[in-house]
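Novice: What follows is a predicted structure for the sequence shown.
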Amino acid sequence: MIPLRLGRLLRTHCMFFLGLGIVLIMSLAALMAPLLAPYDPTELHLDHILQAPSAQFPLGTDALGRDVLSRLLYGGRVSLWVGFVAVGISMTIGMLLGLLSGYFSGWIDEGIMRGVDIMLCFPSFFLILAVIAFLEPNLTNIMIVIGLTSWMGVARLVRAETLSLRRRDFVAAAQLAGTSTARILFMHILPNAAAPVLVSATLGVAGAILIESSLSFLGLGVQPPIPSWGNMLMEGKNVLEIAPWMSIYPGLAILFTVLGYNLLGESLRDMLDPRLRR
């Protein structure tokens, strides 16, 4: 009976388990980088510059003789950390403003939504580029800037859910019982709006990883010698014809990580939204 149920579950939600598997593998590889990496990511092997993949260097070396596998593993820690922290910042801001906008009417709702409209007038990536240009390009600034420029979609989503939930009987009962506004927002409304927020957060991690990789590729993100998938691509583009492994492996890492989070997010949306269930 259990194998049949497990097989049915795998067939029904195969994309969910595929995405979850990719995410877990990439996350575990990044977390266990100190144990899995054969070398220090900044260690130079000047007698093995641009060496092709071999038994000694499974994914080859770069233009300074650094092991690509070690840098790939440690770069995954940077990229995933940026994704999680940036999404945490954007989710916090978006949920707070969305709750306030949806629960209160009048000038509070109008003010927040007009602020969202103004922010959405600017292309996100170019807005991030403009802000980063005036700041020191380091990991902390990148996480903060991505988080502060990515909350608008979450705010609109939470506002829509709050507008629907605030008219429900359980909210009216809590108001009649004298429950504080903060408790109603965070203990009654927010948990019931958690499903779409979870989907948005999962997809947001993929987007933040892509933004960080793009900034690092342009030289405005994580600065060498700290490895990240984006600056590994930047270093590999100059020797693409003679050392393609320098670009192929970080490119594949970005591809599979973003694919995993997108599959996970889309599957969660299908599973949690009853209107999309087949």
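Specialist: The structure has been received and is ready for your questions.
Novice: which one is Ile132 nearest to, not counting chain neighbours?
Specialist: Residue nearest to Ile132 in three dimensions, not counting chain neighbours: Leu220, with 5.0 Å by Cβ to Cβ, 6 or more residues apart in numbering. (Each C-beta comes from the backbone N, C-alpha and C, glycine too.)
Novice: just Gly219 next, same as before
Specialist: Among residues not flanking Gly219 along the chain, Met234 sits closest, at 6.6 Å (Cβ to Cβ, 6+ apart).
Novice: gap between Ser27 and Leu72?
Specialist: 14 Å (Cβ to Cβ, to the nearest Å).
Novice: Which one's more surrounded, those two?
Specialist: Between Ser27 and Leu72, counting by other Cβ atoms under 10 Å, Leu72 is the more crowded of the two (22 against 16).
Novice: What helices and strands are in contact with the helix or strand containing the more buried one?
Specialist: Take DSSP states H and E as the rule and Leu72 turns out to sit in helix 68-103. For helix 68-103, the contact count by 3 or more Cβ pairs under 8 Å, 6 or more residues apart in numbering; DSSP states H and E identifies helix 14-31, helix 33-36, helix 107-120, helix 139-148, helix 152-165, helix 194-217, helix 229-237, helix 245-272 as packing neighbours.
Novice: of all those helices, which lies closest to Val68?
Specialist: Of all the helices and strands packed on helix 68-103, helix 245-272 sits nearest to Val68, with 6.0 Å by Cβ to Cβ.
Novice: next one: the closest one to chain centre, how far?
Specialist: A distance of 10 Å separates the centroid of the chain from that of helix 245-272, by Cα atoms, centre = their mean, to the nearest Å.
Novice: in it, what's buried?
Specialist: Buried residues in helix 245-272, defined by neighbour count with 16 or more other Cβ atoms under 10 Å: 245-251, 253-254, 257-258, 260-270.
Novice: go on, stretch 113-133?
Specialist: Buried residues in stretch 113-133, counted by 16+ other Cβ under 10 Å: 113, 116, 119, 124, 127-129, 132.
Novice: Likewise for stretch 165-182?
Specialist: For stretch 165-182, the buried set under the neighbour-count rule, 16+ other Cβ under 10 Å, comprises 165-166, 171, 174.
Novice: Redo those as CSV? Include distance to Pro53.
Specialist: Converted to CSV, these look like this (distance: Cβ to Cβ, whole Å):
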residue, distance to Pro53
Leu165, 54
Arg166, 58
Val171, 60
Ala174, 62
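Novice: For the stretch 151-278 of the chain, give me the ranges with low pLDDT.
Specialist: 272-278 (pLDDT under 70).
Novice: make it 80
Specialist: For the stretch 151-278 of the chain, applying pLDDT under 80 flags the ranges 269-278.
Novice: Pop out the phi and psi values for Glu43.
Specialist: phi -70, psi 130 (degrees, to the nearest 10).
Novice: Identify the residues contacting the nearest residue to it once chain neighbours are set aside.
Specialist: Closest residue to Glu43 apart from its sequence neighbours, by Cβ to Cβ, 6+ apart: Arg66 at 6.5 Å. By Cβ atoms under 8 Å, 6 or more residues apart in numbering, the residues touching Arg66 are 39, 41-45.
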